[in-house]
Structure formats: C-alpha cells, structure tokens
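> A predicted structure for the sequence below; I have some questions about it.
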Amino acid sequence: MIPKQRWREMTTRWVFSLPSVLFFLTVACRSDKGGITSLAPACQNRLDGQIVQWLSTAGATLSVAGTVTNQQTGQTVSIQSGGTFSLRTNGAGTYTLNFNHASGTASATMTVEVRGPCEVRFQMGIAGTVGSFTEGVHLFGDQADVWGVVTAVNAPASSFTVQAMGQTFTVQHTGGTPFSEAALYRPASFGAGHLALGQRVKVQGRIQGTSQIVADMVRFDAGVFCTPTVLVTPPGGRTSAECTMASSVVDLPGLVAWSCPGTPPGVGCIFEPPRFEAMPLKRARTRLDVRVSPHGARGTYFFDVVAGPYRFPITLMVQGPTVDFSVYCSPESITVPCGGSGMLTCTVQSLGGFNSAVYLSCSGHPSGVSCTFSPNPVTPAPNGSADSLLIVHTSVDMSPGPYTFQVVGTTAEGLTRTSTVHLYVQP
C-alpha cells in the first residue's frame, strides 16, 4: 500500500469519440514510487486510465472490452473488466494511444503529452468520424478547440451553438458583430462570413463552465480560404496567395473555375491551376497571382476569390514606388551598307525593383532588315540593368536611305516598353 503522501495523481475526465461509439476516459499519471527512503514523489513511466462508459452512437451501452496500444512503445494491453488499463511510457514526451473495441468494429486515437512529474496534457480530447465528417473536442485548462456542426444561430447576438461528438456548446464570438458581416471571419475563415444551420465549423477560444465558449476564431470547414488575406504590391508589381477550396456539398458542378470578381481597373488575377474537378468532401488548391499595371492607382482595394458557391474576401494594398522597366539602345543611330550588318547594345533598366524576364524584338523595320538579339530574353537585377547585343542585317537589294524602327521589350505579363533606333543604309 503506497502512503498517500508518497504519490499524487493528475486526472482529467474526457468524452472520447470513436467512428461508431462514444466513451468517457480518465487518464492519470501516477507518482507511485513508494518506500520510506523516498524523499519526493517521482513519476514512474506509466499511464493509468479507465473507460468509465462506452456507448454506441444510438445510445446503447457496450462492453468495455478491447485493447489499448501505445504507438511510441509498441505496447498493447487489454482493457480490464472494470475498464481500467495501464501502459508504460518512456518518461516525458508525447504519446499516441490507439483504442480498439473487442468487436473489431470501432477504434479511436488519443494523444497525450507528459511534461515532467505527474503532469499530463491532452493534445486531443475527442476525435472521431460522424458520417463522412470529422468532429472533435479538445479542452485543456480554459482553452477549447471544437470542430463540429452548427445547430442554431443567433445572428444579432453573434452567438451560435455547435454540436460535436454528442456534445453541444454555445459559442459567443468576441467580435460582437452580426454573422452577416464578412469582416467577422477575417483572417482565419473559410468563406465570407455567413453561418447557416448544418454548416461545419472549427471554433477556438476560452471555455466557461462546461459548454460556453468565448471564441476568438471561427473557421468554416467548407468554403474558400486564402493566405495571406492582405496582399501588398506597388504599381507595376505582383503578389501572390495560396487558396484552398474545401467542399462539404455534393452538388458542385464537375469542373469548377477559380475567379476574382471585383478587382479594380489595372489589376488582374491569374490562377494556377485555373480550375479543378470538384469532388464531395475533397480539397482543391491553387496559386493566385495578382498583377498590377504600372498605371494602377495607389490605394486599398477589396475583391473576392470565388470557387463554385464559395467566396473569400481579399484586401489588396497598392503602394510604394512603381515597378517598371525601360529599354534604350546605344548608339541610337547606326550606318549599315546594303547587304551588311551593324551592331548596337540594348539595355533593359529595372525601375522600382523590377526583375522579370524581358523579351526583345524589332518592330516597324523596313523590308530587307532583320534583327538578332543575344541573349534574349534578359532579366535585370532589381534596380539594375541587363544588356543584349543587337545585330541589324540588311539585304543587298535594299534601297539606300534613312529608316527608323522600334526595339520592343515585352514581359510575360504583356508589359511593353520601346526604344527608337535610326538606321542609315548606304549603297
């Protein structure tokens, strides 16, 4: 018999979910190193637990027969007739426990963290599958992390109820604004901020009592979410975000295209990939590139990223020096005999940090004149420059005289800059 003063027990009672059952679990880390010479309690490497009740989702009581496996040690033990079990550990660390019912029809996973003598932290309190969806409840101290389904909405009060694995929580959002306001869920939400019955959400916040949550984050389980949510770029610049569409509906069209309605003049969106094959309960990802014309006005703009029935608000801030480039050739004038060639150097100059590839070509040159650039394209360093050698060839039957043409620099995005070259063809 271990004297009481020689051990203490930290115990937490949890509701646990399985794919087809619910049960209550108590886990303790015992300091039970006995003996008169023991000067202070010291945890043995052991986790003791007890399944208090094991229910089917229909509410029927099941036996507590089954096994528990510690993934980190590989140890598997049988659950005793009273629901108790004892597992060894390797001391402080994180342990994943797998529960398997004796019928072979149900299983669940629990993760706990042992932090020193007799301190057990639950990383995941409830986890399981209801139908095709994952639900869960994680409670530790005054913190709650709940993901489940919305069962009631009180929009004027910014509160709603969410049910997760048989438990019901009332959630009060700290923002205090109606749920119809899109800003309520920035930046951590899927969708534009409209709660509806049956919608799946993830809630994080402080637990009060046993079923009240003051939430500082509400995230939709289905919809569109992009990160970052605030994009910043100068005129002529570009910026990007990663966007995800999570679907919980089954009636999406087979092929869904990404779009960004509401962009201001001079702002364009490119998605890669631009569309995806919609599948129920699956996720699709894309990269959003936002490109602003050098003539785009500075300011703060708002637009949505849309996929099927879902949308997500994006804030675009156009500020700072204009990103641009210029093209100039030296010398500006060359003299070439008929059937001969001449050389000049064309320079691409970066402005405002520009550093994209520029493709060079000639435009407006007369018949009998051809241009060769080397290298082509060229990419200047930010606020630097890059040179390309231009060789101008003339045909032997070309008429002598003065000519002009343009050296054109073009980016992949279609930004174009030019430089004029004067050509004198001699007989």
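Yep, it's here. Residues are numbered from 1 along each chain as shown.
> Contact partners for L360?
327, 346, 348, 373, 376-378, 388, 390, 407-409 (Cβ atoms under 8 Å, 6 or more residues apart in numbering). Every C-beta, even on glycine, is put in place using the N, C-alpha and C of the backbone.
> closest to V218 among the residues you listed?
P377 (47.4 Å; Cβ to Cβ).
> What about the closest one, how many residues nearby?
Number of residues near P377 (other Cβ atoms under 10 Å) recorded here: 17.
> now do R285
11.
> for the one 4 residues further on, same thing?
Using other Cβ under 10 Å, the number of residues around D289 comes to 15.
> can you start the count at 32 instead of 1 from here on
From this message on, residue numbering opens at 32, which makes the last subject D320.
> So which elements touch the helix or strand hosting it?
Assigned by DSSP states H and E, D320 belongs to strand 314-323. Here strand 314-323 touches strand 261-264, strand 269-277, strand 286-290, strand 298-303, strand 341-349, going by 3 or more Cβ pairs under 8 Å, 6 or more residues apart in numbering; DSSP states H and E.
> and which of the contacts of L391 is nearest to G124?
P408 (54.3 Å).
> Please name the residues that touch the closest one.
388-391.
> most neighbours, which of the residues you listed?
V389 (25 neighbours).
> Model confidence for it, exactly?
Looking at V389, its pLDDT stands at 96.
> Then N129?
pLDDT, read off for N129, is 81.
> give me the beta-bridge partners of it?
T100, T140 (DSSP bridges).
> Any chance of the helices and strands packed on strand 314-323 in CSV with mean pLDDT as columns?
CSV is the format used below for the helices and strands packed on strand 314-323 (pLDDT from 0 to 100):
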stretch, mean pLDDT
strand 261-264, 90
strand 269-277, 86
strand 286-290, 90
strand 298-303, 93
strand 341-349, 84
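> out of those, deepest packed?
Of all the helices and strands packed on strand 314-323, strand 341-349 has the most neighbours on average by mean count of other Cβ atoms under 10 Å, namely a mean of 22.
> Following element in sequence after it, please.
Immediately after strand 341-349, counting by DSSP H and E, sits strand 355-361.
> for the following helix or strand past that following strand, which positions count as buried?
Where DSSP H and E defines the elements, the next helix or strand beyond strand 355-361 is strand 364-368. Residues 365, 367 are the ones in strand 364-368 that count as buried (16 or more other Cβ atoms under 10 Å).
> helices or strands next to strand 364-368 in the packing?
strand 372-382, strand 416-425, strand 447-457.
> Make a markdown table out of the helices and strands packed on strand 314-323 and add distance to G105.
A markdown table is the format used below for those (distance: least, Cβ to Cβ, whole Å):
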| stretch | distance to G105 |
| --- | --- |
| strand 261-264 | 47 |
| strand 269-277 | 35 |
| strand 286-290 | 45 |
| strand 298-303 | 44 |
| strand 341-349 | 44 |
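> Go through the ones you listed and name the closest to G445.
Smallest distance to G445 across the helices and strands packed on strand 314-323 (Cβ to Cβ): 9.3 Å, for strand 298-303.
> Does anything pack onto the closest one? Which helices or strands?
Contacts defined by 3+ Cβ pairs under 8 Å, 6+ apart place strand 298-303 against strand 286-290, strand 314-323.
> closest to S109 out of those strands?
Among the helices and strands packed on strand 298-303, if distance is taken as Cβ to Cβ, the winner is strand 314-323, at 38.8 Å.
> Check what contacts that closest one and list those residues.
So strand 314-323 is contacted by 257, 262, 264-278, 287, 289, 291, 294, 297-305, 307, 309, 336, 338, 347, 349, 444 (Cβ under 8 Å, 6+ apart).
> In the record's domain split, what are the boundaries for the protein?
Following automatic domain parsing, one gets these domains for the chain: 35-161, 171-252, 273-349, 355-457.
> Now the weakest link among those, please, by mean pLDDT.
When those are ranked by mean pLDDT, domain 35-161 comes last with a mean of 60.
> burial of the closest residue to T442 other than its chain neighbours, as a residue count?
Leaving aside its sequence neighbours, T442 sits nearest to S387 (Cβ to Cβ, 6 or more residues apart in numbering; 5.1 Å). A count of neighbours around S387, defined by other Cβ under 10 Å, yields 16.
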